[in-house]
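Asker: Below are the sequence and a predicted model for it; my questions follow.
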Amino acid sequence: MIDSTGIGSDNLYEQISQILKAARTKVVTTVNTAMVQSYWHIGKLIVEAQGGEERATYGDDLIKRLSMQLTSEFGKGFTPTNLKYMRLFYNTFPNCHSLRDDLSWTHYRVLTKVVNPKAREYYLDEAAKGGWSVRQLERQIETQYYERLLASHRDDEEIKEIIKRNLPAHPEKFDPLKLLHDPFVLEFLDMKEDPALQEQELENAILTHIEDFLLELGRGFAFVGRQKRFTLEGDHFYPDLVFYNIHARCYVIIDLKMTKAGYADVGQMQLYVNYFNKEVCLPDDNPTVGVILCTEKNDTVIEYTLGNRNDIGVFASKYKLVLPTEEELKREIEQTKENFKRLKG
């Protein structure tokens, strides 16, 4: 719509709206940063008041008195529990300069529960760079995402590279293992493990929850399409799901299997990968990665089918539709580690 001045009122509204939204976002970010820093300093003062000890003899009494005084003057938010979290916050992150403006106080409360410092560093970095919500952060920690990622890699040095996202652009240096973990946990699909479940049902569920699936894949993944048909001498082929990772600069093809992955599945995926490398990839792209997502896998069959050549980028990973217990997940992770060590010699 054009007003009497000749300026589109709808366009003007949109411009003003964007300015106000940006201003509100900046205010929220500023307030959030100030709150996090304030809580860090409060935690520091509490620790120092207790003689530098995390649990002094009079610690609980001190916190109770502080809680009553602060609540009386500043209102809610200073319960004994919150003050203990501030103390824990300072003890967990003793360097104030390492705090991230991208994360809220609630993010940090969740992160203080992660005991492993390396895992905590990984979640901190990924949550900030990936813009994770608190719910997403809790989900990644609960499903032991860091441990599942680490299980598919040679050592801690590779995880450090993943944290930095220093993925090489040259195909001869590219390691596709940096994009993989095992098992995949797909509890967000809210589907029961049913022998009658069809691959198309699983595919539809993934697309319905594509944001959650991208979170499970990792940072940098963009969805390209489903059932991306290509034809070779009259024969049609349909890779289930195709993604592109902007950090690794490569296509990632995922084929869904409701049963154990066998040699035929590996051969089919190798065909997909070879086709994409030859016909789809641009000169600057790294080699395509193919992942067979299955309920069970036979690593020995896969090894012999590929001739122990992981340079062609075909892998198999298990998936779980129901969130495993902590012990079940640990067993799965240990099994992945053992299989990886055996295959790599």
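Answerer: Arrived safely. Numbering: from 1, shown residues only.

Asker: where does the stretch 151-300 of the chain have low pLDDT?
Answerer: Across the stretch 151-300 of the chain, residues meeting the criterion (pLDDT under 70) sit at 152-177, 299-300.

Asker: Tell me the spatial nearest neighbour of the residue nearest in space to the middle of the chain, not counting adjacent residues.
Answerer: Computing the C-alpha centroid of the chain and ranking residues by C-alpha atoms, centre = their mean puts G218 first, at 4.2 Å. Leaving out its chain neighbours, the residue that sits closest to G218 by C-beta to C-beta, 6 or more residues apart in numbering is L179, at 6.8 Å. Quick note: C-beta positions are derived from backbone N, CA and C, even for glycine.

Asker: which residues touch that neighbour?
Answerer: G218, N245, A248, C250, V252, V289 (C-beta atoms under 8 Å, 6 or more residues apart in numbering).

Asker: Okay, the residue nearest to the centre of the chain and G131: tell me how far apart.
Answerer: Distance of G218 to G131, computed by C-beta to C-beta, to the nearest Å: 14 Å.

Asker: go on, A316?
Answerer: To G131, A316 is 31 Å away according to C-beta to C-beta.

Asker: who's more crowded, those two?
Answerer: Using other C-beta atoms under 10 Å, the more surrounded residue of A316 and G131 is A316, with 25 against 11.

Asker: you'd agree that one is up against E296?
Answerer: No. Look at A316 against E296 with C-beta atoms under 8 Å: they stay out of range, at 9.4 Å.

Asker: list the residues that contact both of the two?
Answerer: Residues touching both A316 and E296 (C-beta under 8 Å, 6+ apart): A261.

Asker: so where does E338 fall, helix or strand?
Answerer: Following DSSP states H and E, one finds E338 within helix 326-344.

Asker: Would you mark the buried spots in that helix?
Answerer: Burial within helix 326-344, assessed by neighbour count using 16 or more other C-beta atoms under 10 Å, is assigned to L329, E332, I333, T336, K337, N339, F340.

Asker: Quick one: neighbours of the closest residue to E199 other than its chain neighbours, just the number.
Answerer: Nearest residue to E199 in three dimensions, chain neighbours excluded: L256, at 4.9 Å (C-beta to C-beta, 6+ apart). Residues lying near L256 (other C-beta under 10 Å) number 19.

Asker: and L256, what is it in contact with?
Answerer: E199, L202, E203, I206, D240, L241, L293, C294.

Asker: what about 7 Å?
Answerer: The contact partners of L256, taken as C-beta atoms under 7 Å, 6 or more residues apart in numbering, are E199, L202, E203, D240, L293.

Asker: Please flag which of the residues you listed sit within helices.
Answerer: Among the contacts of L256, the members falling in helices (DSSP state H) are E199, L202, E203.

Asker: All the strands of the stretch 201-345 of the chain, residue numbers only.
Answerer: Along the stretch 201-345 of the chain, counting by DSSP state E, counting those that start in this stretch, strands occupy 221-226, 230-232, 235-237, 241-245, 250-256, 260-261, 289-294, 296-297, 314-320.

Asker: Now do R100 against L215, distance only.
Answerer: Remark: distance between R100 and L215 (C-beta to C-beta) = 19 Å.

Asker: Could you verify that P195 is part of a helix?
Answerer: No. Assigned with DSSP: H, G, I helix; E, B strand; the rest coil, P195 falls outside any helix and is coil.

Asker: From T295, how far off is it?
Answerer: Separation of P195 from T295 (C-beta to C-beta): 10 Å.

Asker: who has more neighbours, those two?
Answerer: T295 (18 against 7).

Asker: isn't that one right up against T259?
Answerer: Yes. Between T295 and T259 there is a contact at 6.3 Å, judged by C-beta atoms under 7 Å.

Asker: hang on, the earlier thing: which of the ones in helices among the contacts of L256 sits closest to Y146?
Answerer: For the ones in helices among the contacts of L256, the closest approach to Y146 (C-beta to C-beta) belongs to L202, at 25.5 Å.

Asker: can you count the residues close to that closest one?
Answerer: L202 is flanked by 20 other residues according to other C-beta under 10 Å.

Asker: Ok, Y123 next?
Answerer: Neighbourhood size, Y123 [other C-beta under 10 Å]: 22.

Asker: Repeat that for R249.
Answerer: For R249, the count of nearby residues is 18 (other C-beta under 10 Å).

Asker: By neighbour count, which of the contacts of L256 wins?
Answerer: Neighbour tally across the contacts of L256 (other C-beta under 10 Å): the maximum, 24 neighbours, falls on L293.

Asker: Beta-bridge partners for it, please?
Answerer: Counting by DSSP bridges, L293 is bridged to L256, S317.

Asker: didn't it look like it was pressed against S317?
Answerer: Yes. Under the criterion of C-beta under 7 Å, L293 makes contact with S317 at 5.9 Å.

Asker: list residues touching both of those two?
Answerer: Listed as contacting both L293 and S317 by C-beta under 7 Å, 6+ apart are F184.

Asker: What does the residue nearest to the centre of the chain show for phi and psi?
Answerer: Torsion angles at G218 (phi, psi; degrees, to the nearest 10) stand at phi 130, psi 180.
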